[in-house]
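A.B. asks: let me see the structure of the following:
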Amino acid sequence: MTSFLSWLMSPQDYMPHGMCFLWQPELIALHVASDSAIALAYYSIPIALIYFVNKRTDLAFPTIFVLTGLFILACGTTHIMGVWTLWNPDYRLDGGIKAVTAVLSIGTAIAIWKVMPLALALPSTAQLQQANKALGEEIGHRQRAEAALREANAELERRVAERTANLQEEVLRRRGTEATLRASEARWRSMFEASAVGIAVMDQDNHFAAANEAFQRMIGYTGEELQSLGPLDITHEDDRETAQEMLEHVQSGKREDYHSEKRYRCRDGRVIWVRVSTARALDPDTPLPGTPAIIEDITERKRAEGDLHNAREALSRATRLAMMGELAASIAHEINQPLGAIIMNGNACRRFLAVTPPDLDEVRDGLDAVVSDGNRASEVLSRIRAMLKNAAPERGEVDVNKSIAEVLALTRQELQQHRVSVQVDLRPDLPRIVADRVQLQQVVLNLVMNGIDAMRAIADRARILTIRSQLDDQRNIVVNVADSGVGLDAADRERIFETFFTTKAAGMGMGLAISKSIIEAHHGRLWAAPGSPIGAMFAFALPSASGVSL
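C.D. replies: Below you'll find the model as predicted:
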């Protein structure tokens, strides 16, 4: 086999075909381009035929397409060899390929003539269309016949059903009422006994006429024990007055229903939180008249709400600690100023006492200054201690303008360090609000620090922070904090109050979310808007003390 291949590939001193063209470049290029183009076309045709055979699995003579593709592929190879022999005199290989091409050509021709009678016998497109049309007409006739038969059957069934209904109508009428009552009672009893929430019915004496097992398990009393008790007997002492009032309103018809959350004292002394939904009294003609109630145990929900409230307070305090950390330099400056003045005035008093005679008037003035500076330092420390205290929120009447001034005093050094000018426009006759002073200061502090951050990179204009307080048409107190910074994108304004969303490179996304929850807990609202003409504006509105109870 190796010797045969060597013989087939050996040129044996034949001259390449290009010598016949005297190596004329334009003639060689013509033959190379022509043979290459033909070979490419010949190679693409078999691929198309093979693709066609794979896609059309319903072909009658797929072998003819495959043989034709192989024949054309062999023809393309002979043209490739025509290019090859221009420089390489491998005429034996060329002849072998042509021999293979000849065999494939003869085989393809024989196969085509063999299947020619069968191919001519295939129906034409027109014949197929005519056959399909006749078949469609036959199907249409059958469908119309089937439809007519169905209509006849339906009419017969209708007549039979009508006759049967006439015969059974009297029987069904007599049994209908009884079955409806049994089904209604069964559904009510099934719902009553299988319900996962407590269901109870109170009679005219406000005793439990009936209670399902879920309610009995909830409070630990049996059904017999509950018949001698009423809802007020198991209601926590602090909630009885409100429960009595709402129950009387429902029974008297002043209210259709009521929903309340209160505490029940269980048989073992435990106190649980429940949500009671009481509807109007049932029809007296029912087997069990009275006032129905649905009772849900919400103790775990109340505990979770308490845990969430505690977590929110801890997070709020952590945010305040972070802010105070950022303001460490400002706080140190605020304390160092009065301390430095105290030291200076103390030294001056020593000098005035050292002279002969001592200048007591100057000493008295210096001591007054020492006391004043000490009080000033004490006020700064008191403000810091109030911001950092870990105590429950205490609401009382708060002066908004005074709280704003205290925040600006804490941030004075931060404002000076970042060359921020503050413009304050505080309405002097503002009414007080009911709020937690520390939480309110936390909101203002967060807005002021955000404004400072927004102006850090501003170098082509003045850095101005504007704070205003005013009254709106509903007598709500509105506080605006506006900056001349980079402003907010429209998309950011939609998400700026979401938890963990931040536009700062090192932000945590908690400050505005906590501020929003604080304002909403005070029955107010917090929003953002574009600044005028540049920057951003944050504002919150809170009701005055006259509109909110402590």
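A.B. asks: now residue 346. Nearest residue, chain neighbours left out?
C.D. replies: residue 370 (6.2 Å; CB to CB, 6 or more residues apart in numbering). Quick note: C-beta positions are derived from backbone N, CA and C, even for glycine.
A.B. asks: separation between the one you found and residue 477?
C.D. replies: In this view, residue 370 and residue 477 are 39 Å apart by CB to CB, to the nearest Å.
A.B. asks: residue 359 too?
C.D. replies: Distance of residue 359 to residue 477, computed by CB to CB: 51 Å.
A.B. asks: so the residue nearest to residue 346 sits against residue 344, correct?
C.D. replies: No. Contact criterion CB atoms under 8 Å: residue 370 and residue 344 do not qualify, at 9.4 Å.
A.B. asks: all helices for the stretch 301-450 of the chain, in order.
C.D. replies: With DSSP state H, counting those that start in this stretch as the criterion, the stretch 301-450 of the chain has helices at 328-354, 360-388, 400-410, 412-417, 437-454.
A.B. asks: out of those helices, deepest packed?
C.D. replies: Among the helices of the stretch 301-450 of the chain, helix 437-454 has the highest mean neighbour count (mean count of other CB atoms under 10 Å), at a mean of 23.
A.B. asks: for the lengthiest helix in the chain, packing partners?
C.D. replies: Counting by DSSP state H, the longest helix found in the chain is helix 125-194. With contacts defined as 3 or more CB pairs under 8 Å, 6 or more residues apart in numbering; DSSP states H and E, helix 125-194 has no helix or strand neighbours.
A.B. asks: I'd like the average pLDDT over that helix.
C.D. replies: Helix 125-194 shows a mean pLDDT of 75 in the predicted model.
A.B. asks: the closest residue to residue 255 other than its chain neighbours and residue 260, how far apart?
C.D. replies: Nearest non-adjacent residue to residue 255, counting by CB to CB, 6+ apart: residue 249, 4.5 Å away. Residue 249 sits 11 Å away from residue 260, going by CB to CB.
A.B. asks: now do residue 467
C.D. replies: Distance from residue 467 to residue 260, counting by CB to CB: 43 Å.
A.B. asks: just residue 137 next, same as before
C.D. replies: Computed as CB to CB, the residue 137 to residue 260 distance reads 76 Å.
A.B. asks: check residue 52 too.
C.D. replies: Distance from residue 52 to residue 260, by CB to CB: 79 Å.
A.B. asks: can you check residue 105 too?
C.D. replies: According to CB to CB, residue 105 and residue 260 sit 99 Å apart.
A.B. asks: just residue 167 next, same as before
C.D. replies: 56 Å.
A.B. asks: and residue 438, by the same measure?
C.D. replies: 32 Å.
A.B. asks: try residue 412
C.D. replies: According to CB to CB, residue 412 stands 50 Å off from residue 260.
A.B. asks: and what of residue 544?
C.D. replies: Distance of residue 544 to residue 260, computed by CB to CB: 29 Å.
A.B. asks: what does residue 461 give?
C.D. replies: With CB to CB as the criterion, residue 461 and residue 260 are 57 Å apart.
A.B. asks: now tabulate the helices of the stretch 301-450 of the chain in CSV and tack on mean pLDDT.
C.D. replies: Formatted as CSV, the helices of the stretch 301-450 of the chain follow (pLDDT from 0 to 100):
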stretch, mean pLDDT
helix 328-354, 69
helix 360-388, 70
helix 400-410, 87
helix 412-417, 83
helix 437-454, 86
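A.B. asks: what about residue 137 and residue 260, which has more around it?
C.D. replies: Legend: neighbour count by other CB atoms under 10 Å for residue 137 and residue 260, higher for residue 260 (14 against 10).
A.B. asks: show me what counts as buried in the helix or strand residue 296 falls within.
C.D. replies: Secondary structure assignment for residue 296, by DSSP states H and E: strand 291-297. For strand 291-297, burial by neighbour count (16 or more other CB atoms under 10 Å) applies to 291-297.
A.B. asks: quick check: residue 485 is in a strand.
C.D. replies: No. The assignment for residue 485 (DSSP: H, G, I helix; E, B strand; the rest coil) gives coil, which keeps it out of a strand.
A.B. asks: dump the residue contacts of it.
C.D. replies: Counting by CB atoms under 8 Å, 6 or more residues apart in numbering, residue 485 touches 451, 453-455, 458, 463, 531, 534-536.
A.B. asks: one more pass at 6 Å, please.
C.D. replies: Residues counted as contacts of residue 485 (CB atoms under 6 Å, 6 or more residues apart in numbering) are 454-455, 458, 535.
A.B. asks: so which of those comes closest to residue 473?
C.D. replies: Among the contacts of residue 485, residue 535 lies closest to residue 473 (CB to CB), at 25.7 Å.
A.B. asks: gap between that closest one and residue 415?
C.D. replies: Residue 535 sits 16 Å away from residue 415, going by CB to CB.
A.B. asks: swap in residue 90?
C.D. replies: Using CB to CB, residue 90 is found at 91 Å from residue 415.
A.B. asks: also residue 516?
C.D. replies: Using CB to CB, which is the criterion applied here, residue 516 is 24 Å from residue 415.
A.B. asks: and for residue 397?
C.D. replies: Per CB to CB, residue 397 is found 28 Å from residue 415.
A.B. asks: so how far is the host helix or strand of residue 35 off the chain centroid?
C.D. replies: Applying DSSP H and E as the criterion places residue 35 in helix 25-55. Distance, stretch centre to chain centre, for helix 25-55: 58 Å (CA atoms, centre = their mean, to the nearest Å).
A.B. asks: for that helix, which helices and strands make contact with it?
C.D. replies: Judged by 3 or more CB pairs under 6 Å, 6 or more residues apart in numbering; DSSP states H and E, helix 25-55 is in contact with helix 62-84.
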